[in-house]
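Novice: I'll drop the sequence and a predicted model, then ask my questions.
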Amino acid sequence: MCKEDCSCEVECKNCKCEESQESQEAQEAQEAQEAQESAEVTKKKRGRKPSALDSTATHMICNVCKVDKPMNEFNLDRSKRCGHQYTCRECSNAIVTKHTAENYEAYVAREKSWYESKGKNYYKKYYQKNKKALLYNQKKFTTIKKLKKLIEAGEYVKPCSCCKCFDSSKKLYAIFDSFEDIKNVRWLCYKCKKSEK
């Protein structure tokens, strides 16, 4: 605070009046805000997003089409500073479609050469290695499909609670002892199903 009978010839910060200090602080705050807004405008012009810490950012300018769009029209990308790509989905899709159309023959040739060199043997080896599991899964899939048709037709009634813990609030899974008898099914919740294995 400044005294009215101040005898300083040169005004120092300590001698300034309270009113002038408030006006100067308000002016500095306004200048800082304008500088921040101008920085955000230049970032938008360059197509960059505001930092991830700025939760108020809702729009961004696409690098390709130069249109201001909402953030939900940009794909997520964790490697970028803001967590989104700098090109919108429409432009990204157009770029990929164009590239694929231009290089279609190269893609087909690469797939063909891989299949001829490694593919045939790869699938045969995989089938031989996992034959038992593949056949089991195929039987299981067809049996579940048949059971679903029976439930839809009303020939089989699915219970509303687990056979072990009698909890009716959880999702139930069909457990088959043998795939030949479709209607001989135990219905267990996820917890009971895991405890059986």
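Specialist: On my side now, so go ahead.
Novice: drop to CA atoms for contacts and neighbour counts, all remaining ones
Specialist: Noted.
Novice: any idea which residue sits dead centre in this structure?
Specialist: Central residue of the chain (Cα atoms, centre = their mean): residue 76, 6.4 Å from the mean position.
Novice: Please name the bridge partners of that residue.
Specialist: Beta-bridge partners for residue 76, by DSSP bridges, are residue 84.
Novice: now the strands for this protein?
Specialist: Counting by DSSP state E, the chain has strands at residues 59-61, 68-70, 74-76, 84-88, 172-176, 185-189.
Novice: TSV for those, including distance to residue 118 and mean pLDDT?
Specialist: Formatted as TSV, these follow (distance: least, Cα to Cα, whole Å; pLDDT from 0 to 100):
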stretch	distance to residue 118	mean pLDDT
strand 59-61	45	90
strand 68-70	46	92
strand 74-76	35	92
strand 84-88	36	92
strand 172-176	37	86
strand 185-189	42	87
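Novice: do you know which of the ones you listed lies nearest residue 33?
Specialist: strand 59-61 (19.6 Å; Cα to Cα).
Novice: Just give the strands next to that closest one in its sheet, each with its orientation.
Specialist: Partner strands and pairing direction for strand 59-61 (DSSP bridges) are strand 68-70 (antiparallel).
Novice: Show residues contacting the strand it pairs with.
Specialist: Applying Cα atoms under 8 Å, 6 or more residues apart in numbering, the external contacts of strand 68-70 come out as 58, 59, 60, 61, 62, 88.
Novice: ok, now which ones touch the residue nearest to the centre of the chain?
Specialist: Residues in contact with residue 76 (Cα under 8 Å, 6+ apart) are 83, 84, 85.
Novice: filter those to the buried ones?
Specialist: Buried by 16 or more other Cα atoms under 10 Å: 84, 85, out of these.
Novice: circling back: of the strands of the chain, which is nearest residue 155?
Specialist: Closest to residue 155 of the strands of the chain, according to Cα to Cα: strand 185-189, at 14.0 Å.
Novice: sorry, back to before: name the nearest of the contacts of residue 76 relative to residue 27.
Specialist: For the contacts of residue 76, the residue nearest residue 27 by Cα to Cα is residue 83; the value is 34.7 Å.
Novice: surely that closest one meets residue 74?
Specialist: No - if you go by Cα atoms under 8 Å, residue 83 and residue 74 don't touch, sitting 9.6 Å apart.
Novice: Might you list the low-confidence residue ranges for the protein?
Specialist: Along the chain, segments meeting pLDDT under 70 span 1-21, 38-56, 197.
Novice: at 50 instead, please
Specialist: Applying pLDDT under 50 to the chain flags residues 1-3, 45, 47-55.
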